[in-house]
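Participant: this one's structure only:
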């Protein structure tokens with residue numbers, strides 16, 4: 001498999017190279033030169049597989065020949081041993097909602113599904129065998145803990161996690177900051193997730209610094225994350241054969257829902273993908289009106305979606321602009337210099353062939369959580385609630401699958417506010433409340449973060 005950049009089609013990288021780099025050298029995002037499209041008989045064959053075998057079939061398409069398929073199968077099975085369900089995800093009928101539970105991994109969020117595989121890929125690709133690797137990751141709450149769980153105690157790998165100080169839930173922070181191994185460093189940045197993400201991108205773009213520390217990244221800008229997430233779209237859709245399928249996805253950085261878009265491109269019969277946003281609604285605005293204009297981040301009850309610069313949207317933009325890398329590069333330059341860009345009516349129409357987009361307020365989110373509790377005796381987290389709310393106005397003969405992206409235990413305060421109920425502690429979290437947290441607070445400044453990292457490595 002060969003990879004190019006959204007901003008330069010002449011670049012040519014293999015899977016191992018794009019896995020380590022994360023971000024393309026020109027600031028663009030890596031995408032495959034060509035994506036496999038399954039025919040109907042191949043789709044039927046895939047639908048008979050277990051989750052882990054299905055994952056091996058799909059992921060192998062994107063990492064061949066760098067990883068042997070048999071080795072990949074073993075790696076995937078090993079990656080999901082810590083999940084509390086053998087099939088990795090559970091699909092439940094809650095009232096009239098088809099809930100795809102993606103949070104049965106070690107840190108109670110969908111990020112575990114990709115991150116556990118990525119952790120083992122570092123070993124399989126022998127990326128840290130000759131020289132220590134330093135993984136630098138920005139998190140809006142869940143990516144960081146998933147990365148830590150996947151890379152904790154790895155030989156020759158250090159992990160630096162940047163989270164926005166006081167802008168994630170207490171439990172999200174506690175899961176991240178209590179592992180305490182010598183290779184893990186938690187940085188609370190005085191800013192937003194967008195600031196954390198910008199700091200990471202700036203460090204990736206500084207070649208001297210990146211090479212000096214042998215920097216790698218596991219944010220959703222890393223294509224390997226997208227690849228692993230494609231699998232659960234196939235797996236869950238296969239449970240609704242001969243039905244018209246719509247997925248509703250809570251999204252901030254556009255990574256999770258972009259994986260669904262790739263699944264559709266690969267031949268999975270998805271009618272539409274619903275982009276569920278909170279009041280940080282840049283994706284809802286660009287999909288419905290064509291204006292990509294980041295504004296100030298509004299703190300919300302669904303903090304993992306408190307994003308105004310949705311990095312993975314650039315990958316969709318590449319398709320919308322008919323694979324014109326120069327146009328993509330120009331729009332991203334315009335975003336940097338002018339603070340926004342505008343799509344034309346034809347481009348909006350192209351996006352709307354695959355996507356709906358709806359905004360859900362905090363008030364609506366609380367009401368949805370309360371309704372689920374009262375009507376169905378079932379608790380959902382605030383991010384999943386936005387997906388329920390965004391799907392509410394979609395009418396037609398469809399099976400709407402709601403992606404449940406996090407366990408409600410991660411958002412105790414919000415659940416209590418909505419329902420006056422306590423959330424039962426899942427077994428993955430036993431003992432966590434007694435553990436001491438370990439993190440450092442830093443200014444929102446690239447030099448400070450770089451100096452911190454260099455200081456820890458000296």
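Facilitator: Thanks, I have the structure now. What you are looking at is a predicted structure, and each value in this text was computed from that prediction instead of being measured. Numbers count the residues shown, from 1 in each chain.
Participant: use CA for all of it now, contacts and neighbours both
Facilitator: Noted.
Participant: quick one: pLDDT of residue 198?
Facilitator: Note for residue 198: predicted pLDDT of 94.
Participant: repeat that for residue 393.
Facilitator: Here, the pLDDT recorded for residue 393 equals 82.
Participant: for the one 4 residues further on, same thing?
Facilitator: Listed pLDDT for residue 397 reads 88.
Participant: would you agree it is in contact with residue 244?
Facilitator: Yes - between residue 397 and residue 244 a contact is recorded at 7.1 Å, counting by C-alpha atoms under 8 Å.
Participant: who has more neighbours out of those two?
Facilitator: For residue 397 versus residue 244, neighbours defined as other C-alpha atoms under 10 Å are more numerous around residue 244 (16 against 9).
Participant: quick one, phi/psi of the residue nearest to the more buried one when sequence neighbours are not counted?
Facilitator: In this structure, residue 244 finds its nearest non-sequential neighbour in residue 398, 5.0 Å apart by C-alpha to C-alpha, 6 or more residues apart in numbering. Dihedral pair for residue 398: phi -120, psi 150, per degrees, to the nearest 10.
Participant: repeat for the one 10 residues further on
Facilitator: With angles defined as degrees, to the nearest 10, residue 408 shows backbone torsions of phi -60, psi -20.
Participant: next one: phi and psi at the nearest residue to it once chain neighbours are set aside?
Facilitator: Excluding its sequence neighbours, the residue lying closest to residue 408 (C-alpha to C-alpha, 6+ apart) is residue 381, at 4.2 Å. With angles defined as degrees, to the nearest 10, residue 381 sits at phi -80, psi 170.
Participant: how many residues are close by residue 381?
Facilitator: 24.
Participant: likewise for residue 328?
Facilitator: Using other C-alpha under 10 Å: residue 328 sits among 23 other residues.
Participant: that one reaches residue 7, doesn't it?
Facilitator: Yes - the criterion here is C-alpha under 8 Å, and residue 328 meets it with residue 7 at 5.9 Å.
Participant: need the residues touching each of residue 397 and residue 244.
Facilitator: Both residue 397 and residue 244 lack any common contact, where contact means C-alpha atoms under 8 Å, 6 or more residues apart in numbering.
Participant: looks to me like residue 112 is in a strand.
Facilitator: No - using DSSP: H, G, I helix; E, B strand; the rest coil, the secondary structure at residue 112 is helix, not a strand.
Participant: just say helix, strand or coil for the residue nearest to it when sequence neighbours are not counted.
Facilitator: Among residues not flanking residue 112 along the chain, residue 146 sits closest, at 5.2 Å (C-alpha to C-alpha, 6+ apart). The three-state label given to residue 146 by three-state DSSP is helix.
Participant: which residues touch residue 146?
Facilitator: Residue 146 neighbours (C-alpha under 8 Å, 6+ apart): 106-107, 109, 111-112, 115-116.
Participant: fine by me, thanks again.
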